[in-house]
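# Need coordinates for the following:
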Amino acid sequence: MRAQVRIFENGNEPSPRRAFLQRLAAQGVALPAAYFALHRDAHAHQPGEKYDASPGNAGRKHIVREFAEPYIELLRLLRQAAEIEHALMVQYLYGAFSVKPQYSGIVGSGLPNSNDLFGVSAMEMQHLRDVNSLLVALGAGPSLARQGFPFEPEVYPFEFNLEPLTEESVAKYVYCEAAAGSIDPGQANDGDRHFLARLDRALGGNARPNHVGSLYDAIIHTLREYIAGAPGTEARLAPWLGKLENIKIEGEEGHFQFFRRVFMATHDGFKGRDDAWSRSRSDAAYPSYPLPVNPTAFIGEQNLIRNPEALGIAWLADLHYWLILLLADASYSENSPDYAALARIQMLGPFLSLARHLPKLGAGVPFDPLVTGYGPCPSGLGRIEFLTCMVRETDQLAARLKQRLPDDYPIGLGQMMLGALNDKRTAYAKPPGRAS
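Okay, the predicted model is just below:
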């Protein structure tokens, strides 16, 4: 089922941006109260109106309001943002795992930053966490669901795909992360014109995607409107305006500049090979392996991974990916650092091991969606039972594939996870207020 964000092609309604607030947010200044006060009388969009219909956005697709009630509209937009952050995160990870060892500087080590693929992916994970935390703060449940690939969110007129890193895929990431109007050739200086001409060629004649920041503009606007109409919520919710502004700035500045450097092959990870993208994809010096596009480990689906060895390991990687998301959902729902810690262990241990190994078999992690969803059991004990079953399922498959697993796969991790979940179960079973 496709997430619904209606779009129109043209519009003329202004959507001004406060540049000084960007600077304050970038410096970590506490801006929410001032930000809220400045916009207290902002226009409340009505259903069918466009959030981003300024003259500079003519010819682009626009985010359109669906609901008059700001609370409903806000939850809708936040769920759309969660789905898009999730989709971008796994696309960036898939691209990172496709990169050849001689270009490892592009990939990085995994600490959140705006200078390598793992770092940008980690920041997208943080954005996904923040969007879900706001959903919970608003009394809603977390949203970790994602469409299967190819996936075309209606606000973006091109498909999201799991694909190896190429000049064409990076061009889309550059455009998505850019600020609205920031890559308009008519406003470019001489130094930018070569970059913009090359970007236009790489994007081809396809319709231009909207920018991620445009969606956050709509969320910020609707959150202000909700706070203004809900007495008593300002102290609790106004700080989120600054957090959302920071997410937008991280994408439009840090992520955009990173992908620009990768696109132009000026990133340090290219080690001076500024012709890397112009080489044949069969050339050993081309930056990425020719991994399949939109692979799946689901039997009977198109793009099924055909190599039996790779298929088994890809299914195991899916199981670990699902565990990470199930644990993240539990962490958001219960505000539990224990679940968050277990999710990180899964990510940095078995999942990373398999994701690095699969390209050696000509495949990649399929990041298939979990058909049960990531919050199938709303109660704490029910959540633990489902997680326990998933860990056992994963552990049993790992035991069967033991001889084919990479050397750094932590084969004993499943028992540790089961022990941690059992401790959580015991804690739930204790009467309230009872000492341990």
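# Only C-alpha atoms from now on, for both contacts and neighbour counts.
Noted.
# Would you tell me what the next helix or strand after the lengthiest helix in the chain is?
When the chain is parsed with DSSP state H, its longest helix is helix 70-98. Using DSSP states H and E, the helix or strand that follows helix 70-98 in sequence is helix 104-107.
# Can you tell me what sits against that following helix?
With contact meaning CA atoms under 8 Å, 6 or more residues apart in numbering, helix 104-107 is reached by 96-97, 99, 115-118, 262, 267-270.
# If you count neighbours, what's buried in whichever helix or strand comes after that helix?
Note on helix 104-107: by DSSP H and E, the next helix or strand toward the C-terminus is helix 117-137. By neighbour count on 16 or more other CA atoms under 10 Å, the buried set for helix 117-137 is 117-125, 127-136.
# picking that back up, what angle do helix 117-137 and the longest helix of the chain make with each other?
Calculated by axes from the mean of the first three to the mean of the last three CA atoms, to 10 degrees, helix 70-98 forms an angle of 160 degrees with helix 117-137.
# now for helix 70-98, which elements pack on it?
If you count contacts as 3 or more CA pairs under 8 Å, 6 or more residues apart in numbering; DSSP states H and E, helix 70-98 packs onto helix 104-107, helix 117-137, helix 212-229.
# Export the longest one to CSV, keeping only CA atoms.
The C-alpha atoms that make up helix 117-137 are tabulated as CSV, following Å, rounded to 0.1, in the frame of the first residue of the first chain:
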residue,chain,number,x,y,z
LEU,A,117,28.4,6.8,3.4
PHE,A,118,28.3,4.9,6.7
GLY,A,119,28.3,8.2,8.5
VAL,A,120,25.5,9.7,6.5
SER,A,121,23.5,6.4,6.9
ALA,A,122,24.0,6.6,10.7
MET,A,123,22.7,10.2,10.6
GLU,A,124,19.6,8.9,8.6
MET,A,125,19.1,6.4,11.4
GLN,A,126,19.2,9.2,13.9
HIS,A,127,16.6,11.1,11.8
LEU,A,128,14.4,8.0,11.7
ARG,A,129,14.8,7.8,15.5
ASP,A,130,13.9,11.4,16.0
VAL,A,131,10.8,11.3,13.7
ASN,A,132,9.6,8.2,15.6
SER,A,133,10.3,9.8,19.0
LEU,A,134,8.1,12.8,17.9
LEU,A,135,5.3,10.4,16.9
VAL,A,136,5.5,8.8,20.3
ALA,A,137,5.5,12.2,22.0
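# Which strands and helices lie in contact with the next helix or strand after that helix?
With elements assigned by DSSP H and E, the helix or strand that comes after helix 117-137 is helix 167-177. Applying 3+ CA pairs under 8 Å, 6+ apart, one finds that helix 167-177 contacts helix 190-203, helix 212-229, helix 256-263.
# Just the buried residues of the contacts of helix 104-107.
96-97, 99, 115-118, 262, 267, 269-270.
# In a strand, Trp322, correct?
No - counting by DSSP: H, G, I helix; E, B strand; the rest coil, Trp322 is not part of a strand but helix.
# Name the nearest residue to it, sequence neighbours excluded.
Nearest residue to Trp322, sequence neighbours excluded (CA to CA, 6 or more residues apart in numbering): Leu370, at 6.6 Å.
# what helix or strand is the closest residue to Leu134 other than its chain neighbours on?
Spatial nearest neighbour of Leu134, excluding adjacent residues (CA to CA, 6+ apart): Trp240 at 7.5 Å. Per DSSP H and E, Trp240 falls inside helix 239-249.
# show me what contacts the nearest residue to Met125 once chain neighbours are set aside?
Leaving out its chain neighbours, the residue that sits closest to Met125 by CA to CA, 6+ apart is Met89, at 6.7 Å. Contacts for Met89 (CA under 8 Å, 6+ apart) come out as 121-122, 124-125.
# Pick the one among the residues you listed closest to Ile313.
Ser121 (22.4 Å; CA to CA).
# what about this protein, any weak spots by pLDDT?
Applying pLDDT under 70 to the chain flags the ranges 1-62, 151-158, 186-188, 205-209, 431-436.
# change it to 50
Counting by pLDDT under 50, the chain has low-confidence residues at 1-42, 55-60, 157, 435-436.
# what comes into contact with stretch 268-276?
With CA under 8 Å, 6+ apart, stretch 268-276 has contacts from 103-106, 264-266, 285-287.
# Pull up the distance across it, start to finish.
End-to-end distance of stretch 268-276: 13 Å, with CA to CA, to the nearest Å as the criterion.
# residue contacts, Arg356?
Applying CA under 8 Å, 6+ apart, the residues contacting Arg356 are Phe97.
# residues of the one helix or strand it maps to that come out buried?
Assigned by DSSP H and E, Arg356 falls within helix 352-357. By neighbour count with 16+ other CA under 10 Å, helix 352-357 contains the buried residues 352-355, 357.
# ok, now stretch 226-240?
Within stretch 226-240, the residues that qualify as buried are 226-228, 234, 237-240, counting by 16+ other CA under 10 Å.
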